[in-house]
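Trainee: Provided below are the primary sequence and the corresponding predicted coordinates.
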Amino acid sequence: MPIVNDDDLGWTTVGDGEDALRRKKLADPAGGEALGCSLYELPEGGRSWPYHYHTGNEEAMYVLDGECTLRLDGEMVPLEAGDYVALPADERGAHRVVNDSEGRVRYLAMSTMTEPDVTVYPDSEKLGVFAGSPPGGSDERSVHGYYRVDDDDVDYWEGEEA
């Protein structure tokens, strides 16, 4: 398996405006399969992904540099360099990183890479569905979409041949 140095990887930008963050995928170039890991850099005033949790993948976060606030299971928790947080695959792991400090924050985000996975976004009452490649994965997905939780259900047999 190859050894990867983050200095040899380019940054990609995810999101825009206050929700823009920089990312370097570390696990893919190192040949990771069942465990994902990315280096994130969040500018002053920046926010990470919308507040969410996964139903199929456990995540974790380790702060490398700077200070931030983690919205975790509905609470605001201050974090600083050296802090590690486990994020279980259920509503207790609901999270969002907010950089309300002066200066950037850099952190590692790790996760299991199980698919299919469903992500739940409590604030916007929607969910995401991922099959073929988990969230953060690089493979093509066979199913991927975001849906409102309160959208009308359809009958199991609707649209099927009799």
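Mentor: Now that the structure is in, tell me what you want to look at.
Trainee: measure D90 to S111 for me?
Mentor: D90 sits 14 Å away from S111, going by CB to CB, to the nearest Å. For the C-beta atoms, the positions are set from N, CA and C on the backbone; glycine is no exception.
Trainee: neighbour count winner among those two?
Mentor: Of the pair D90 and S111, S111 is the one with more neighbours under other CB atoms under 10 Å, namely 23 against 14.
Trainee: from memory the more buried one sits against F130, does it?
Mentor: No: the criterion here is CB atoms under 8 Å, and S111 misses it with F130 at 11.9 Å.
Trainee: Pull the number of nearby residues for N57.
Mentor: When neighbours are counted by other CB under 10 Å, N57 comes out with 23.
Trainee: now it: how far from E41?
Mentor: Taking CB to CB, one finds N57 at 22 Å from E41.
Trainee: same question, D8
Mentor: 16 Å.
Trainee: Would you mind telling me which of the two has more residues around it?
Mentor: E41 (19 against 9).
Trainee: Helix, strand, or coil at that one?
Mentor: Three-state call for E41 (DSSP: H, G, I helix; E, B strand; the rest coil): strand.
Trainee: what's the answer for the one 4 residues further on, then?
Mentor: At G45, secondary structure determined by three-state DSSP is coil.
Trainee: lowest-confidence helix or strand of this protein?
Mentor: strand 143-148 (a mean of 88; mean pLDDT, DSSP states H and E).
Trainee: Per-residue confidence, A162, what does it come out as?
Mentor: If you check A162, the pLDDT there is 66.
Trainee: Check E18 too.
Mentor: On the pLDDT scale, E18 gets 71.
Trainee: who's in contact with it?
Mentor: 45-47 (CB atoms under 8 Å, 6 or more residues apart in numbering).
Trainee: That one belongs to a helix, doesn't it?
Mentor: Yes: under the criterion used here (three-state DSSP), E18 sits inside a helix.
Trainee: Just want the most central residue of this structure.
Mentor: W49 (6.3 Å; CA atoms, centre = their mean).
Trainee: State whether it and R96 are indeed in contact, as I suppose.
Mentor: Yes: using CB under 8 Å, W49 is in contact with R96, at 6.5 Å.
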